[in-house]
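Chemist: Sharing a model that was predicted from the sequence below.
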Amino acid sequence: MDGYGILAISAAVTVLFILGVPIFLVIGFWVVGVSLLIDFTLANLGVTLFESMNFFGLLALPLFILTGDLIKGAGIAKRLSDFAYSCLGWLRGGLGMASLGACGLFAAISGSNSATTATIGSIMHPEMRKGGYDTNFAAATVAAGGTVGIIIPPSIIFIVYGFLMNLSISDLFIGGLLPGIMMILGMQFICWVICQWNGWGHLIDIRLGRIIKTGIGAWLGFGAIILVIWGIYSGKFSPTEAAGVTAGFCAIVGLLFFPIYRMIHGATLREQGIPVWSSKVDPAELPSEQYSDRMGVMERLIIPGFGPKELPELIMRSGQITGVLAPLIAISVVMQQILTLLGAKDVVTQFIQSLGGYYAVLFACMAIVLMAGTILESLPNTIIFAPILAPIAAQTGIDPIHFAVVFLIGDAIGFITPPYGLNLYVASGITGIPYFRLLYYTMPYFFALMVVWIIVAVFPFFSKVLLTGIAGAGVFQQ
Amino acid sequence: MWLLRLIDNNIERAIILVSYVAMAGIIFVEVIRRFVLNEQAPWSTTIPVYLFLWIVWFGCSYNVKIRAHLSFDEIRTKLPRTGQFLCLMLDAVLWIVFSGIVVYYTAQQVQLARDNFAIVQGTDDVLQWWFYIATPLAFCLLIFRVLQNVYADVKAYRSGAPLAVQVGIFGDEGSA
């Protein structure tokens, strides 16, 4: 009897979703409806809204979001993009490939897919259009490039996954590093093929001096990346502490350099009609430094930074994103509890185990994640399905860290799959290109990601090698 | 009147900024202290977690105010005007009902923590309910924000101004 009731409630909330009701409420009403139906106390909702947040590891989420915003606010996202272009500009489609590379670099500082797309997209999409690329293709490139945001560490979804499944967040971060780089390389290859075909982009010659100079210009970005990876890899910090230290470091450096940059570049800024001391200037609008070889190393060390008036704005932006994501985590945890109570786990376990061996289970789980990811936002997808699927995978002998990486790449691909693909929305928002047209142009990248995903899934080597060394990784684990 | 407007414009902002800076600051300073002086306050891993509650739920209310909660808006934006208006009213009713439920049950938890004199781990006299109360308070504010939105929507619907059906996921990012 309850079965039909639950189906009816699920159907009703799906209608709410289609009508555009916020996802937080869609899940919230499923929880309230099913709780009332099966006579489960709603007091649990009150408890879980506190307890699901009561975990020190979860604080890495707001802190890595903040680090990303500070890096962007200090003008470093632009400099990372310049660096990527000076490395890849000699290839056909170099600017497109540089956009993907910049996504990878920014992902190594920030923890979120949509923030990566928004940040790199707002810098690189205009550049690509100026460089003679098709505007639709350019937007699709940053939408797809953003998917590595949650795979290349630090990643907010790895944090949530580790929190739920009681796995070491540091291990997960290290496991995601190589697959994330492979995703970037796979997409860059597709980008190169498409640009070669269409003859997009003009070539600049490769110069070691320029690569080094632009690299030095982005020192704060690399500093943040090294601080996080060193701290976590050596065990000096927990991920939360690494996030706190990096955020604090970026805030101090950003504030310190603000007056220095304005003093040195005051004349140039005035020439270009940019108010020198205003903190309202978007770092992306500052004079382009990328090809100016006359700029010395010392000058490049000076980063634009942010003024004391801008810092609260940057923190508020992080607060806003946290205010979107964290409530979704809390309410999804309640939904997961109720699903467990309903015995959903047993039903799915029976179904998947009836399929047979290692690869059947692995691919069945991948199919479920991918399909769920088309509709669900990534956090609810992880919170609802990871506790169901991961134990099944573990019973079949799939390594938990490997499974986590495979699961989350599937989740990341969900950011560019319709009907609900958040990166497509973000890219559509910053470029003004309609959602469905963008979808069409993202398809080649989607296939590239699928290929990388399957390779990573079949060979646990890639997710395990950095953790255990070549000997311990074992190419086939069957 | 100007005071009310100041509070109306800045209440979530003030709470989020203070909590965020305190949370990040405590973690930053305590890690540095551990490295340099080899000591760390016992509450440095608990107080920030509780401060996070204030950020999350007031952030939730702030996103209602600026209409930035994630949703699937492809169909809604293509509906006729009256349909859009009805969807906005549906959102409002759902928010108010859900917030009512949350306020009722989380207030119980706050009361419980208060009656038990539950103390934040690692401290002697910091009471948990000072932080727990963030959730019911934020959802009360959220209901108020929903009512403000309803007022704006009804006014826009009557005057023929465009309705706010499109979500702005990253606030001002669209103009960049």
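Modeler: All right, it came through fine. Everything numeric in this text was worked out from a predicted model, so none of it was measured.

Chemist: so the residue of the stretch 51-200 of chain A found nearest chain B, which of the three states?
Modeler: Ranking the residues of the stretch 51-200 of chain A by distance to chain B (Cβ to the nearest Cβ) places residue A:122 first, at 4.0 Å. Any C-beta I mention is one placed from the backbone N, CA and C, and that applies to glycine too. Classification of residue A:122 using DSSP: H, G, I helix; E, B strand; the rest coil returns helix.

Chemist: any idea how far it lies from residue B:44?
Modeler: 36 Å (Cβ to Cβ, to the nearest Å).

Chemist: Does the closest residue to chain B within chain A lie in a helix or a strand, and which?
Modeler: Taking Cβ to the nearest Cβ as the measure, chain A has residue A:323 as its residue closest to chain B, at 1.9 Å. If you go by DSSP states H and E, residue A:323 is part of helix A:310-342.

Chemist: The residue of chain A closest to chain B contacts residue B:55, correct?
Modeler: Yes - Residue A:323 is within contact range of residue B:55, at 7.2 Å (criterion: Cβ atoms under 8 Å).

Chemist: Of these two, which one has the most company?
Modeler: Legend: neighbour count by other Cβ atoms under 10 Å in any protein chain shown for residue A:323 and residue B:55, higher for residue B:55 (30 against 26).

Chemist: ok so, going back, tell me the first helix or strand C-terminal of the helix holding residue A:323.
Modeler: helix A:344-353.

Chemist: From the contact counts, what lies against the helix or strand just after that following helix?
Modeler: Once the chain leaves helix A:344-353, the next helix or strand it forms, by DSSP H and E, is helix A:358-375. Using 3 or more Cβ pairs under 8 Å, 6 or more residues apart in numbering or on different chains; DSSP states H and E, the elements in contact with helix A:358-375 are helix A:344-353, helix A:378-395, helix A:400-413, helix A:435-458.

Chemist: Setting the sequence-adjacent residues aside, check what's closest to the residue in chain B positioned nearest to chain A.
Modeler: For chain B, the residue closest to chain A is residue B:59, as judged by Cβ to the nearest Cβ, at 1.9 Å. The shortest distance from residue B:59 to any non-neighbouring residue, by Cβ to Cβ, 6 or more residues apart in numbering or on different chains, is to residue A:323 (1.9 Å).

Chemist: need the contact list for the one you found.
Modeler: Taking Cβ atoms under 8 Å, 6 or more residues apart in numbering or on different chains, we find residue A:323 in contact with B:16, B:55, B:56, B:57, B:58, B:59, B:60, B:61, B:62, B:63.

Chemist: 10 Å - rerun?
Modeler: Residue A:323 makes contact with A:62, B:12, B:16, B:55-64, B:66, B:68-69, B:138, according to Cβ atoms under 10 Å, 6 or more residues apart in numbering or on different chains.

Chemist: One more: residue A:420?
Modeler: Going by Cβ under 10 Å, 6+ apart, residue A:420 touches A:17, A:23, A:373-378, A:414, B:70-72, B:74.

Chemist: State the distance from residue B:105 to residue A:9.
Modeler: 19 Å.

Chemist: any weak-confidence spans in chain B?
Modeler: B:166-176 (pLDDT under 70).

Chemist: Residue A:122 and residue B:44: which is more packed in?
Modeler: Taking other Cβ under 10 Å, residue A:122 and residue B:44 do not tie; residue A:122 has more neighbours (25 against 19).

Chemist: Could you check how far that one is from residue A:230?
Modeler: 30 Å.

Chemist: Same question for residue A:58.
Modeler: For residue A:58, the distance to residue A:230 - Cβ to Cβ - is 23 Å.

Chemist: Looking at the two now, which is surrounded by more residues?
Modeler: residue A:58 (22 against 12).

Chemist: Grab the nearest non-local neighbour of the more buried one.
Modeler: That would be residue A:163: by Cβ to Cβ, 6+ apart, it lies 5.8 Å from residue A:58.

Chemist: What's the first helix or strand after the helix or strand where that neighbour lies?
Modeler: Taking DSSP H and E as the definition, residue A:163 sits inside helix A:156-165. For helix A:156-165, the succeeding helix or strand toward the C-terminus, using DSSP H and E, is helix A:169-198.

Chemist: quick check, distance from the helix or strand hosting residue A:258 to the centre of its chain.
Modeler: In this structure, residue A:258 is located in helix A:239-271 according to DSSP H and E. How far helix A:239-271 lies from its chain's middle: 24 Å, per Cα atoms, centre = their mean, to the nearest Å.

Chemist: same question for that helix, mean pLDDT?
Modeler: Helix A:239-271 shows an average pLDDT of 87 in the prediction.

Chemist: Run through the residues that contact residue B:106.
Modeler: Contacts of residue B:106 by Cβ under 10 Å, 6+ apart are A:43, A:45-47, A:49-50, B:57, B:132-139.

Chemist: Please, which helix or strand holds it?
Modeler: Going by DSSP H and E, residue B:106 is part of helix B:81-115.

Chemist: Can you give me the buried ones in that helix?
Modeler: For helix B:81-115, the buried set under the neighbour-count rule, 16 or more other Cβ atoms under 10 Å in any protein chain shown, comprises B:84-85, B:87-88, B:91-92, B:94-95, B:98-99, B:101-103, B:105-107, B:109-110, B:112-113.

Chemist: repeat for stretch B:33-48
Modeler: Buried residues in stretch B:33-48 (16+ other Cβ under 10 Å): B:34, B:43, B:44, B:45, B:46, B:47, B:48.

Chemist: and what of stretch A:81-100?
Modeler: By neighbour count with 16+ other Cβ under 10 Å, stretch A:81-100 contains the buried residues A:81-89, A:91-100.

Chemist: now swap in stretch B:74-81 and tell me
Modeler: B:74, B:76, B:79.

Chemist: Quick check: which of these are also close to chain A?
Modeler: With Cβ under 10 Å from any Cβ of the partner chain as the criterion, those include B:74, B:76, B:79 near chain A.

Chemist: what about the closest residue to residue A:331 other than its chain neighbours, neighbour count?
Modeler: What sits nearest to residue A:331 in space, not counting adjacent residues and going by Cβ to Cβ, 6+ apart, is residue A:27, at 4.8 Å. Using other Cβ under 10 Å, residue A:27 has 24 neighbouring residues.
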